[in-house]
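*Asks:* Model the structure of this input:
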Amino acid sequence: MPKTTPPPARPATQRPKAKPATATPAGAEPRTIPAPIKLSAGDAKLMAAVLMEMLKR
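*Replies:* Numbering: from 1, shown residues only. Okay, the predicted model is just below:
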């Protein structure tokens, strides 16, 4: 009988929530990265620009 893998503990819809919003302090909880995320230089620049805009407000 083939062994089936158990379903994930939480639904996949909550995955983008891993990045905390500005409401929580920066060092409130330890962040674990489940898998390495490959980003291009353009992605990094875009995220940096968005982050700086958020910090300005």
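*Asks:* alpha carbons only for contacts and neighbour counts from here, please
*Replies:* Noted.
*Asks:* got any ranges where the protein has weak pLDDT?
*Replies:* Applying pLDDT under 70 to the chain flags the ranges 1-30, 33.
*Asks:* Where does Leu46 sit: helix, strand or coil?
*Replies:* Assigned with DSSP: H, G, I helix; E, B strand; the rest coil, Leu46 falls in the helix class.
*Asks:* What separation is there between it and Pro34?
*Replies:* Note on Leu46: its distance to Pro34, by Cα to Cα, to the nearest Å, is 23 Å.
*Asks:* between the two, which one's more packed in?
*Replies:* Between Leu46 and Pro34, Leu46 has the larger neighbour count (other Cα atoms under 10 Å), namely 11 against 6.
*Asks:* how far away is Leu55 from Ala48?
*Replies:* 11 Å.
*Asks:* Among these two, which residue is more densely surrounded?
*Replies:* Ala48 (12 against 9).
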